[in-house]
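Peer 1: Quick one, fold the following:
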Amino acid sequence: MFGCSRITGRQALVGAAGVAVAAVAAVAATRRIQAIRGSTSSPGTFRNELLCTPSLQADVTEIRTDDGATLHVRAYGPQDGEPIVLSHGWACSHEYWYPQVNALAGEYRVITYDQRGHGRSTVGSAAFGPDVLADDLSEVLKATVREDKKAVVVGHSMGGMSIMAWAGRYPEQVNRYASAALLASTACDRLVADTTVIPLPNGFPRVPVPVGRAVMSASVPLVPSPVTTRALQYAAMSQNATPAEVQFCESIVRDCDPRIRGGWGAALSGLDIHEALENLDVPTTVLVGSVDRLTPPVHSRRLARMLSDAGNLEHLVVLSDVGHMSSVENVDEFNREIMHLRNL
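Peer 2: Purely as a prediction, here's the structure:
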């Protein structure tokens with residue numbers, strides 16, 4: 001879509017980075033979109049109602065952290081239902097999980113929260129990084145998972161990083177709060193080195209790390225335009241995404257404060273939490289879309305290999321022709337894996 005073959009040298013890098021600013025910024029946002037094709041639907045028929053605001057009333061909790069942040073938490077479904085805790089990705093919000101809430105909260109206790117600085121959660125004084133992701137998820141679990149229950153903990157993109165960071169920082173909590181985990185469209189390291197979201201000209205085998213970090217930390221406002229929409233779909237979705245799915249995702253990303261997006265992008269660009277996987281000692285599925293550009297399948301294969309070596313890999317699931325927004329592009333398969341983990 002974004003051709004660079006006629007550009008060479010320094011201009012090529014600048015051009016690629018410029019495209020990437022729009023694409024990557026749009027990307028995380030896409031972590032909330034693509035909703036749901038019914039397995040029995042005819043081609044082109046999508047269950048777009050799953051993208052709507054849930055009709056179920058949410059129980060809302062505001063958690064005050066030690067550094068002064070407020071975490072906005074929502075719980076849907078029966079209070080005595082088996083819990084499913086959903087952690088969203090970079091530049092998203094709890095709204096990203098509407099397809100899962102709408103599909104599952106009739107029977108299960110579905111818990112979502114806004115990551116620090118996203119949605120209705122505030123920033124606090126702590127520096128952005130994996131320890132903060134771990135601390136916040138720990139607070140959410142303590143506040144929402146009853147003593148007689150254990151949750152399936154699901155994380156998409158930065159949400160998956162939150163789960164890994166939590167396991168690394170609070171290993172004693174893993175078997176207390178989690179019965180299983182799902183790491184979707186995520187990574188534990190090499191986010192810049194392994195990305196394929198930035199199209200490069202011939203002769204550039206991978207994104208130079210300084211360029212990738214500059215792109216991820218850019219605080220560029222996302223102005224509604226056809227260019228933004230195309231960049232979002234290119235970076236975070238497959239070509240199969242419907243206009244409704246793209247619009248759903250784009251609206252969520254645009255709502256993220258550019259400074260928050262840039263701040264978390266900078267914090268994640270040098271992330272390395274691979275050692276935390278040793279502590280994620282519950283059955284864990286790794287899931288990825290085959291055409292994910294932001295966290296391509298090489299990340300998931302590496303995660304699966306490390307989990308397998310530790311004896312904790314449940315499944316490696318690769319969804320054909322699905323992009324980064326796996327939980328919305330193929331909601332049926334995504335939810336099926338949640339149910340598999342719930343029933344272990």
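
Peer 1: hey, let's count contacts and neighbours off CA atoms from now on
Peer 2: Noted.

Peer 1: which residues of the stretch 101-250 of the chain score low on pLDDT?
Peer 2: Applying pLDDT under 70 to the stretch 101-250 of the chain flags residues 196-216.

Peer 1: Test my guess that Gln239 contacts Gln233.
Peer 2: Yes - the criterion here is C-alpha atoms under 8 Å, and Gln239 meets it with Gln233 at 7.4 Å.

Peer 1: Neighbour count for those two, which is higher?
Peer 2: Between Gln239 and Gln233, counted using other C-alpha atoms under 10 Å, Gln233 has the larger neighbour count: 30 against 12.

Peer 1: Kindly confirm my reading that Ala218 is in a strand.
Peer 2: No - counting by DSSP: H, G, I helix; E, B strand; the rest coil, Ala218 falls outside a strand, being coil.

Peer 1: Was I right to think it contacts Ile260?
Peer 2: No - Ala218 is beyond contact range of Ile260, at 10.0 Å (criterion: C-alpha under 8 Å).

Peer 1: Pull up the gap between Val286 and Asp59, please.
Peer 2: To Asp59, Val286 is 29 Å away according to C-alpha to C-alpha, to the nearest Å.

Peer 1: and those two? which has more neighbours close in?
Peer 2: Legend: neighbour count by other C-alpha under 10 Å for Val286 and Asp59, higher for Val286 (26 against 12).

Peer 1: need the contact list for the more buried one.
Peer 2: Counting by C-alpha atoms under 8 Å, 6 or more residues apart in numbering, Val286 touches Leu182, Leu183, Ala184, Ser185, Ser300, Leu303, Ala304, Leu313, His315, Leu316, Val317.

Peer 1: And stretch 301-321, what's buried?
Peer 2: By 16 or more other C-alpha atoms under 10 Å, the buried positions in stretch 301-321 come out as 301-304, 306-307, 312-319, 321.

Peer 1: What of stretch 324-344?
Peer 2: With burial defined by 16+ other C-alpha under 10 Å, the residues of stretch 324-344 counted as buried are 324-335, 337-338, 341-342.

Peer 1: do stretch 243-263 as well
Peer 2: Going by 16+ other C-alpha under 10 Å, stretch 243-263 has these buried residues: 245-258, 260-263.

Peer 1: May I see the contacts of Val286 arranged in JSON lines, with distance to Arg64 and secondary structure as well?
Peer 2: Shown next, in JSON lines, are the contacts of Val286 (distance: C-alpha to C-alpha, whole Å; DSSP: H, G, I helix; E, B strand; the rest coil):
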{"residue": "Leu182", "distance to Arg64": "27", "secondary structure": "strand"}
{"residue": "Leu183", "distance to Arg64": "26", "secondary structure": "strand"}
{"residue": "Ala184", "distance to Arg64": "28", "secondary structure": "strand"}
{"residue": "Ser185", "distance to Arg64": "29", "secondary structure": "coil"}
{"residue": "Ser300", "distance to Arg64": "33", "secondary structure": "helix"}
{"residue": "Leu303", "distance to Arg64": "32", "secondary structure": "helix"}
{"residue": "Ala304", "distance to Arg64": "35", "secondary structure": "helix"}
{"residue": "Leu313", "distance to Arg64": "34", "secondary structure": "strand"}
{"residue": "His315", "distance to Arg64": "36", "secondary structure": "strand"}
{"residue": "Leu316", "distance to Arg64": "36", "secondary structure": "strand"}
{"residue": "Val317", "distance to Arg64": "36", "secondary structure": "strand"}
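
Peer 1: Nearest to Ala151, out of those residues: which one, please.
Peer 2: Nearest to Ala151 among the contacts of Val286 is Leu182, at 11.0 Å by C-alpha to C-alpha.

Peer 1: What is the neighbour count of that closest one?
Peer 2: 24.

Peer 1: go on, Tyr170?
Peer 2: Neighbours around Tyr170, by other C-alpha under 10 Å: 16.
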